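Asker: for reference, the sequence and a predicted model appear below.
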Amino acid sequence: MAEYKRPQSLKPMATPYCPGCLHALATRLVADVIDELQQSQNAINVVSVGCSALNLYTWKGDVIGAAHGRAPAVATGIKRCLPDRLVFTYQGDGDLAAIGLAEIMSAANRGENFTVIFANNQTYGMTGGQMAPTTLIGQKSTTTPFGRDPMTTGYPLKMCELMAVLEAPVFVARYALNSPKGVMDAKKGIRKAFELQMAGKGFTFIELLTNCPTNWGMGPIDTLEYMNTNTIPYFKPGIYKDKESEA
Amino acid sequence: MEKKFMKGCEAIAEAAVRGGCRFFAGYPITPQNEIPEYLSWRLPQVGGAFVQGESEVASINMVYGAAATGKRALTSSSGPGISLKAEGISYLASAQLPAVIVNISRGGPGLGSIQPAQSDYLQATKALGHGGFRAMVFAPATLQEAVDLTYNAWEYAERYRNPVMILMDGCLGAIMEEVEFPEMKELTADNVKEWCLDRIDGREDDHMITPILPEPLLEKLNIGKGMQYKMWEKLDTKVEEFMLEDAEYVVVAYGIAARVAKEAVLRLREEGCKIGMVRPITLYPFPKASLNNLDYTKVKGVIDIEMTIPAQMREDIELQVKDRCPVYEYGRSGGMLLDDDGVYEAIAKIVKGGE
Amino acid sequence: MKQSFVFSGSGGQGIMSAGITLAQTAIAMQKHSTFLPEYGPEQRGGSAKCTVIISDAEIISPLPKKCDTLIAMNELAYAKFIGDVKEGGTVVVNSSRVKTTARDDVKTISVPVDDVALELGNVKVANTVLIGVLIGATGIISKDVVIAALSKKFKEKSPAIMELNIAAIEKGIELGSKA
């Protein structure tokens, strides 16, 4: 039976995330896979701005902080110079789907050989819960106090669906981290993405649906249920593109 | 040494490659397109990488990533694009990453004009981005000087772990002149930086490159940077002083303006005027001493010639002249070029008219 | 001695190419030279202008207000730049397109270079004829050096193009020295 212990790729310290935040689990899954692939010395974690920036302090291994939304551009520069390293960005939804939309779409479209881990919690956690590009219709935030109204703010952006229409990406998938099965599937997906990168296949994109108990204003257990009834029906988990299997 | 008749932008690009540049990212904008065009085929020849970014913003951040690996990275643009790069340049300064940024400047503000102008002095020397940092700014006046400064730009960038800017106007970007190229720098494993993301040296410890720091460390970083700027002033200021010994009037000009002004100075000398010139080669650090130490019992006026209106270097000049004599300015702007007669007449009016 | 030349016309007339050839030839003759193109937003058809300076000494300013010699390949360019020629300067006009001249304090050399080029077989060599005229009229650069430069430039394209250009320069020199 496997021993449950702290991944080598994380520093021996408590996570700085709020209690019940699935960011911590997402980070842990990435670290676990990197350990399993024995890549902890070879990986470079490109951290973005938002709660994901907290990775800077907990990640054990090479890490670089990128400007808000620019992680895919930074990763492009790194990977082009060090093609043998396992390079991944870890980005939230505000970072990736709002301010960094040009960088993510363009890096994906160029088929850059790195992996994007996209934690989608439908809010700007770090700045106190403003509306994110992924905030659900009707969902309250500090800038949509009466709930998100599509007439003035549009609709939540479905990044996997957008990625999937591009020619270059090789693997695009979304997982929900609010159930054991979702967590197990996510780990498999992350592993697959990293293996494809190591084989030089090209751009891989993993979206992880997460929560934000603090800014959603709910207990952690309630957020998991909210995800079942609200998030998952809109952001459907699944594999959106798998070029290798299709081939 | 081979001499080549070459366009300014291409000469800079070749000098960069010879200076060890192995990564370029940039976005099309006139008048600097020949830099990316040249590097798109030249860099792969030497095992380097070229990326046409989706924007100036993305390009400077690609450079940020590349610089973090320890490779010599470059981006180029013109005024409007440099504004977009401001964010990334500030991050380079904060994360202490060396990189070189070329600005082939044009008329501003706004989209301005695609024609040459020296409109970005203030941006380059005072605020290349938010947060109050400085970068060395080299302002060549000839293509040979552009080649030499670009070739060595990474030495400064790496020594101080800070971005370096090469500031040239559209005239020098487009002009063709003869240049002599130095040999290709061979960068060995010894050049791998002890702070970078590369593990080619076999290190086992982890590296963190960060543009964000806890407050006490950020303060410490900034104190260190402040000390560094003072050091640059002492060690790295570059200036050409021309015919100053007996000068009663001193022209101050850089880049293309300095060439036009020098022609005027020579003409006025022939006519018997006691006139000289200070040509800053580094705009930052500004050659303060050259102006501060003038003999103001003799000097009757300092004349700032720039291809921009209003003059932008004037404040730096005035800080050194300290009201010891009048400061005059003459320029053209918006993409209208300075010319020999115009500059001569403007200076002659001051010198001869005693204005 | 420092001399400045302004080549002007429209995009596609080989203005830049002629200017570069003049500058390169001067350099091959151990002189100093700068070539400054005026760039515009148009890639084709717009106006084209470049300034070439040739000097025995190092060139300080590449931005003269007035030029010693103006080469105008069309009416528009002539009208735009004729005022920029020094008194006593030289103006070479493509009389295939420039029908009226405006100044009598300059030496005007009119050669229908378009027609000459057409007779030679291709209007595209009009700019080479022009350089020939310039050499014939001013002697600023040597015939042998420019032929060597053109041979080098066109050798890879085809022997026919090379020969056409050499014929063009020779015809130009002949017409220029008569002027």
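Answerer: That came through fine. This structure is a prediction, so every number in the text was calculated from the model and none was measured.

Asker: got the residues of chain B near chain C?
Answerer: B:5, B:30-31, B:114-115, B:170-171, B:174-178, B:256, B:259-260, B:262-263, B:266, B:337-342 (Cβ under 8 Å from any Cβ of the partner chain). All C-beta atoms are positioned from the backbone trio N, CA, C, and that covers glycine.

Asker: please repeat the previous calculation with a cut-off of 6 Å.
Answerer: B:5, B:174-177, B:259-260, B:262-263, B:337, B:339-341 (Cβ under 6 Å from any Cβ of the partner chain).

Asker: out of these, which is most surrounded?
Answerer: B:Val260 (29 neighbours; other Cβ atoms under 10 Å in any protein chain shown).

Asker: which residues sit in contact with it?
Answerer: By Cβ atoms under 6 Å, 6 or more residues apart in numbering or on different chains, the residues touching B:Val260 are B:Leu338, B:Val343, C:Ser61, C:Leu63.

Asker: buried ones among those residues?
Answerer: B:Leu338, B:Val343, C:Ser61, C:Leu63 (16 or more other Cβ atoms under 10 Å in any protein chain shown).

Asker: do the helix or strand bottoming out on mean pLDDT in chain C and chain B meet?
Answerer: Ranked by mean pLDDT, DSSP states H and E, the weakest helix or strand in chain C is helix C:143-155, scoring a mean of 88. No: Helix C:143-155 lies out of reach of chain B by Cβ under 6 Å from any Cβ, never closer than 10.9 Å.

Asker: next structured bit after that helix?
Answerer: Where DSSP states H and E defines the elements, the next helix or strand beyond helix C:143-155 is helix C:159-178.

Asker: tell me the angle that next one makes with helix C:143-155.
Answerer: 150 degrees (axes from the mean of the first three to the mean of the last three Cα atoms, to 10 degrees).

Asker: what does helix C:159-178 rub up against?
Answerer: Residues beyond helix C:159-178 that count as contacts (Cβ under 6 Å, 6+ apart) turn out to be C:111, C:116, C:120, C:125, C:128-129, C:132-133, C:135-137, C:143, C:147, C:150-151, C:154-155.

Asker: thinking again about what came up before, can you add distance to B:Pro163, pLDDT and secondary structure and give the buried ones among the contacts of B:Val260 back as JSON lines?
Answerer: Listed next are the buried ones among the contacts of B:Val260 as JSON lines, based on distance: Cβ to Cβ, whole Å; pLDDT from 0 to 100; DSSP: H, G, I helix; E, B strand; the rest coil:
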{"residue": "B:Leu338", "distance to B:Pro163": "29", "pLDDT": "98", "secondary structure": "coil"}
{"residue": "B:Val343", "distance to B:Pro163": "32", "pLDDT": "98", "secondary structure": "helix"}
{"residue": "C:Ser61", "distance to B:Pro163": "31", "pLDDT": "97", "secondary structure": "coil"}
{"residue": "C:Leu63", "distance to B:Pro163": "30", "pLDDT": "97", "secondary structure": "coil"}
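
Asker: on that earlier part again, from the residues of chain B next to chain C, pick the one nearest chain A.
Answerer: B:Ala174 (28.7 Å; Cβ to the nearest Cβ).

Asker: which residues touch that closest one?
Answerer: B:Pro31, C:Pro37, C:Tyr39.

Asker: give me that answer again for 7 Å
Answerer: By Cβ atoms under 7 Å, 6 or more residues apart in numbering or on different chains, the residues touching B:Ala174 are B:Lys7, B:Gly8, B:Pro31, C:Leu36, C:Pro37, C:Tyr39.

Asker: repeat for A:Phe194
Answerer: Contacts of A:Phe194 by Cβ under 7 Å, 6+ apart are A:Val33, A:Leu37, A:Leu86, A:Thr115.

Asker: and the gap between C:Ser110 and chain B?
Answerer: As judged by Cβ to the nearest Cβ, to the nearest Å, C:Ser110 and chain B stand 28 Å apart.

Asker: shaky segments in chain C?
Answerer: C:41-45 (pLDDT under 70).

Asker: what about the strands in it?
Answerer: Along chain C, the segments classed as strands by DSSP state E run C:2-10, C:32-38, C:47-55, C:67-72, C:85-94, C:107-111.

Asker: one more: chain A?
Answerer: Assigned by DSSP E, the strands in chain A fall at A:43-47, A:62-65, A:86-92, A:115-120, A:123-124, A:130-131, A:171-176, A:204-209, A:238-242.

Asker: C:Gly88 is nearest to which of these?
Answerer: strand A:62-65 (65.5 Å; Cβ to Cβ).

Asker: would you turn the strands of chain A into a markdown table with mean pLDDT, mean neighbour count and distance to A:Gly217?
Answerer: Shown next, in a markdown table, are those (pLDDT from 0 to 100; neighbours: other Cβ atoms under 10 Å in any protein chain shown; distance: least, Cβ to Cβ, whole Å):
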| stretch | mean pLDDT | mean neighbour count | distance to A:Gly217 |
| --- | --- | --- | --- |
| strand A:43-47 | 98 | 28 | 27 |
| strand A:62-65 | 97 | 26 | 29 |
| strand A:86-92 | 98 | 28 | 18 |
| strand A:115-120 | 98 | 28 | 18 |
| strand A:123-124 | 96 | 27 | 10 |
| strand A:130-131 | 97 | 19 | 14 |
| strand A:171-176 | 98 | 26 | 20 |
| strand A:204-209 | 98 | 28 | 18 |
| strand A:238-242 | 98 | 17 | 29 |
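
Asker: the ones you listed: which one's closest to chain B?
Answerer: Closest among those, using Cβ to the nearest Cβ: strand A:62-65, at 4.1 Å.

Asker: partners of the closest one, with directions?
Answerer: Within its sheet, and counting by DSSP bridges, strand A:62-65 is paired with strand A:43-47 (parallel), strand B:208-209 (parallel).

Asker: what segments of chain A are helices?
Answerer: Taking DSSP state H as the test, the helices found in chain A are A:22-36, A:55-58, A:71-81, A:93-94, A:101-110, A:150-153, A:159-164, A:180-198, A:213-216, A:220-226, A:232-234, A:243-246.

Asker: buried stuff in the fifth one?
Answerer: Yep, that's helix A:101-110 we're talking about. A:Leu101, A:Ala102, A:Glu103, A:Ile104, A:Met105, A:Ser106, A:Ala107, A:Ala108, A:Arg110.

Asker: residues touching residue 13, list them.
Answerer: Looking at chain A here, since you left the chain open. A:Thr58 are the contacts of A:Met13 under Cβ under 7 Å, 6+ apart.

Asker: please refer instead to chain B.
Answerer: If you count contacts by Cβ under 7 Å, 6+ apart, then B:Ala13 has B:Ile35, B:Tyr38, B:Leu39, B:Arg42 around it.

Asker: wait, the second one touches B:Glu10, no?
Answerer: Put plainly, it is B:Tyr38. Yes: using Cβ atoms under 7 Å, B:Tyr38 is in contact with B:Glu10, at 4.8 Å.

Asker: count the neighbours of the closest residue to chain B within chain A for me.
Answerer: Across chain A, no residue is closer to chain B than A:Gly77, which sits at 2.7 Å (Cβ to the nearest Cβ). Applying other Cβ under 10 Å, we find 34 residues neighbouring A:Gly77.
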